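Participant: Would you be able to build a 3D model of this:
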Amino acid sequence: MRIQNMIAGALVGGAVALGAAQATAEIQKYNFEVVGTWGFLENWKEFEKKFWTEMLPKASGGKLTANAKPYTELGLKGYEVMSGLKKGAYDGVHALTSYSAKASPALEGIDLAGVIQDFGTYRKAVNAYRSVLEREVAEKYNAKIINIYTFPSQQLWCNMKDKSVKKIPLQSLAGKKIRTYSRTLGDFIEGLDASAVTIAFAEVVPALQKGVADCGITGTMPAYNAKWWQVVTHNIRVRVGYAATFTAINLDTWKSLNADTQKLIMEQAKILEDEIWAFTTTLDQKGMDCNAQGPCDKGKPGGMVPIEPSAEDQKMLEDIAQKVVLKRWAKRCGKKCADEWNATIGKIVGMTATE
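Facilitator: Here you go, the predicted model:
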C-alpha cells in the first residue's frame, strides 16, 4: 500500500509540475504582417497561408495572428520581398533563395542548376547547408530563417513547331531563348549554348506565346497552374533546380518576442516544413502528369509531349553542372564560400566547386 501511495503521489506531483510549466509558458500577443509566395500555387494555398492563419493562432490560443497575403495579391515580385523585410516593411516573408542571392551568392549554393536530381538527396543538401543559409540571411537581410522547403522540381518546357517530335536532345537547345529567373540557371542555359532571358513568372506565358522565349524553366505543378500547357508543346524532364524557399522573420521583430513565443513558432515552423516536403515530393509527379496526358485531379490534362532525358543528356547535364555552373558560382562567391559548399553539399553529391 505504501508503494502504491508513493507512485500515486509521484504521478500527481508530475502532473502538477507539468501544469505549472505550461502555466508559466508565456506566449506574447502579436499580429504579424506577412508576405507569401504566389497565391495560385500550392505552397501558398495549402501551407504558407495555413501557417499564419490557422497553425500559429491555434497553437498560441489566439495570441499569434497575422495579416498574410501572397506576392500576387500585393503586386510584388519575388525579387523585392527580402529588401522589404530588411527595411521592416513586413514582419515575415516566404522567399526563394535564388531571388535573394544578389546580396549573397552563398544563397545560390543550395540550388545550383543541374547539381541534384532527386528529392531525397536535395533534402540532405538543405539540412547540410542550413547553417550557411541562416547566417547569410541574418547578416545580409537582418532576418531569422524559421524553416526551409521547396517547390516541385524545375524542368524545361519548350515550344516546338512540330508537336510530333518525340526526342529533343539537350544539345539541340543550342541557340534557343530560354526563360530563367536566377543567375545559376542562366549559367546552365549558357552551358547549353542557348540564350538566357530573365522574365518574371507572371509574364512568361505571353513571352512564350509571342516568341520572346522558346523555352522556359519552372516547377512541374507551377507550369500547369500557370497554364504553360496552352503555349508550350514539350516538357523536357531534366531537373535543373528545386526553387528552395524559406520563411524568415525580421530580426527586430524576432528579438522582441520572448523565448516561449520563439519556441512555439519554431516548433510550428518545423511541422510545416516536414508537411511541405512530404507533399511536394508527390506533387512533382502529379505536375508532370497534369501537363502531359494525365491522370490529373487538378483539371484537364495539358497534352504536352513528355521527353525523358537520355544517358547522353544526363552526362551533358552533369558536365555543365561541374564545368560551367559550379565553376562560375565559385568564382563569384569566393574561396571561403566554395569551401563551405564543398564541405557540406559537395560531399553529398560528390562534386567540387572550384574557380
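
Participant: Buried ones in stretch 32-39, by neighbour count?
Facilitator: F32, E33, V34, V35, G36, T37, W38 (16 or more other C-beta atoms under 10 Å). All C-beta spots, glycine's among them, are computed from the backbone N, C-alpha and C.

Participant: Let me have those in JSON lines, extended by secondary structure.
Facilitator: Shown next, in JSON lines, are those (DSSP: H, G, I helix; E, B strand; the rest coil):
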{"residue": "F32", "secondary structure": "strand"}
{"residue": "E33", "secondary structure": "strand"}
{"residue": "V34", "secondary structure": "strand"}
{"residue": "V35", "secondary structure": "strand"}
{"residue": "G36", "secondary structure": "strand"}
{"residue": "T37", "secondary structure": "coil"}
{"residue": "W38", "secondary structure": "coil"}
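
Participant: Let me know the closest of these to L74.
Facilitator: The closest of these to L74 turns out to be V35 (C-beta to C-beta; 6.3 Å).

Participant: so N342 sits right up against I348, yeah?
Facilitator: No. Between N342 and I348 there is no contact under C-beta atoms under 8 Å: 10.5 Å.

Participant: which residues are common contacts for the two?
Facilitator: Common contacts of N342 and I348, defined by C-beta atoms under 8 Å, 6 or more residues apart in numbering, are absent altogether.

Participant: picking up where we left off before, now render the buried residues of stretch 32-39 as JSON lines, adding pLDDT.
Facilitator: As requested, the buried residues of stretch 32-39 are exported to JSON lines (pLDDT from 0 to 100):
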{"residue": "F32", "pLDDT": "98"}
{"residue": "E33", "pLDDT": "98"}
{"residue": "V34", "pLDDT": "98"}
{"residue": "V35", "pLDDT": "98"}
{"residue": "G36", "pLDDT": "97"}
{"residue": "T37", "pLDDT": "96"}
{"residue": "W38", "pLDDT": "94"}
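
Participant: which of those residues lies closest to K86?
Facilitator: Checking the buried residues of stretch 32-39 one by one against K86 (C-beta to C-beta), the nearest turns out to be V35, at 12.7 Å.

Participant: ok, that closest one - contacts?
Facilitator: Counted by C-beta under 8 Å, 6+ apart, V35 has contacts 68-71, 74, 76, 81, 84-85, 90, 92-94.

Participant: so how far is K163 from the residue lying closest to it once chain neighbours are set aside?
Facilitator: Leaving aside its sequence neighbours, V35 sits nearest to V93 (C-beta to C-beta, 6 or more residues apart in numbering; 4.5 Å). Taking C-beta to C-beta, to the nearest Å as the measure, V93 falls 40 Å from K163.

Participant: In terms of neighbours, single out the busier of the two.
Facilitator: More neighbours surround V93 than the other of V93 and K163, with 30 against 12 (other C-beta atoms under 10 Å).

Participant: Am I right that the residue nearest to V35 is in contact with M82?
Facilitator: Yes. Using C-beta under 8 Å, V93 makes contact with M82 at a distance of 6.7 Å.

Participant: Could you pull out the residues contacting both of the two?
Facilitator: Taking C-beta under 8 Å, 6+ apart as the contact rule, V93 and M82 both touch A143, A248.

Participant: For the residue lying closest to K29 once chain neighbours are set aside, grab phi and psi.
Facilitator: In this structure, K29 finds its nearest non-sequential neighbour in K63, 4.6 Å apart by C-beta to C-beta, 6+ apart. Dihedral angles phi and psi of K63 (degrees, to the nearest 10) take the values phi -80, psi -30.
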